[in-house]
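Undergrad: Next come a sequence and a model predicted from it.
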Amino acid sequence: MTDIPAENLSPSWPAALDTREPLPRVGEERELLTAFLDWHRATFELKLTGLAAEQVAQRSVAPSGLSLHGLVRHLAGVERWWFALQFAGEQLPLLYYTDEQPDLDFDFAAAGVDLAADLAVWRAECARSRAIVAAAPPL
């Protein structure tokens, strides 16, 4: 079998919503890696498009604590951890994590957090990651 059945394919976004840049087929390592990472960041943002904050906060399947809002917070922490702390060696506090409360990224309901604020944090961490990579010397 060489064709993928249509029911196994993910639905496509309307062209007006899908502003992702096409992925390059060839290029330097840094160019390719950053293009793919930005494509996945944009894909995640597309998945949030048109959803109300209540929908984004909805847990996927009990007993899982997974939600899109939790992923926003988690991915902000991932950006900071890998790029600012590990790659650039910056001394910054961890986002949404303490030894006493290691799951603050997903256990946020009682904290009265705001989706717009958390999206702003994630976008700022993504921008910081891009700047760190752009300022790094060539490989």
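TA: Arrived safely.
Undergrad: Quick check: buried residues in stretch 76-93?
TA: Under the neighbour-count criterion of 16 or more other C-beta atoms under 10 Å, stretch 76-93 has 76-81, 83-85, 88 buried. Just so you know, the C-beta spots here come from the backbone N, C-alpha and C atoms, and that holds for glycine as well.
Undergrad: From the chain's centroid, how far away is that stretch?
TA: 14 Å (C-alpha atoms, centre = their mean, to the nearest Å).
Undergrad: How about exporting that stretch as PDB, limited to the C-alpha atoms?
TA: The C-alpha trace of stretch 76-93 is given here as PDB (Å, rounded to 0.1, in the frame of the first residue of the first chain):
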ATOM      1  CA  ALA A  76       7.400  28.400  27.700                       C
ATOM      2  CA  GLY A  77       9.400  26.600  30.400                       C
ATOM      3  CA  VAL A  78      11.000  24.300  27.700                       C
ATOM      4  CA  GLU A  79      12.100  27.400  25.700                       C
ATOM      5  CA  ARG A  80      13.700  28.900  28.700                       C
ATOM      6  CA  TRP A  81      15.300  25.700  29.900                       C
ATOM      7  CA  TRP A  82      16.900  24.600  26.600                       C
ATOM      8  CA  PHE A  83      17.900  28.000  25.100                       C
ATOM      9  CA  ALA A  84      18.400  30.500  27.900                       C
ATOM     10  CA  LEU A  85      19.600  28.200  30.700                       C
ATOM     11  CA  GLN A  86      21.300  25.300  28.900                       C
ATOM     12  CA  PHE A  87      22.500  26.800  25.700                       C
ATOM     13  CA  ALA A  88      23.200  30.400  26.800                       C
ATOM     14  CA  GLY A  89      24.000  29.700  30.400                       C
ATOM     15  CA  GLU A  90      21.800  32.500  31.700                       C
ATOM     16  CA  GLN A  91      20.900  32.500  35.400                       C
ATOM     17  CA  LEU A  92      17.100  32.700  35.400                       C
ATOM     18  CA  PRO A  93      14.500  31.200  37.600                       C
END
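Undergrad: Double-check residue 36 against residue 25; I have them as touching.
TA: No. Assessed by C-beta atoms under 8 Å, residue 36 is found out of contact with residue 25, at 11.6 Å.
Undergrad: Okay then, goodbye and thanks.
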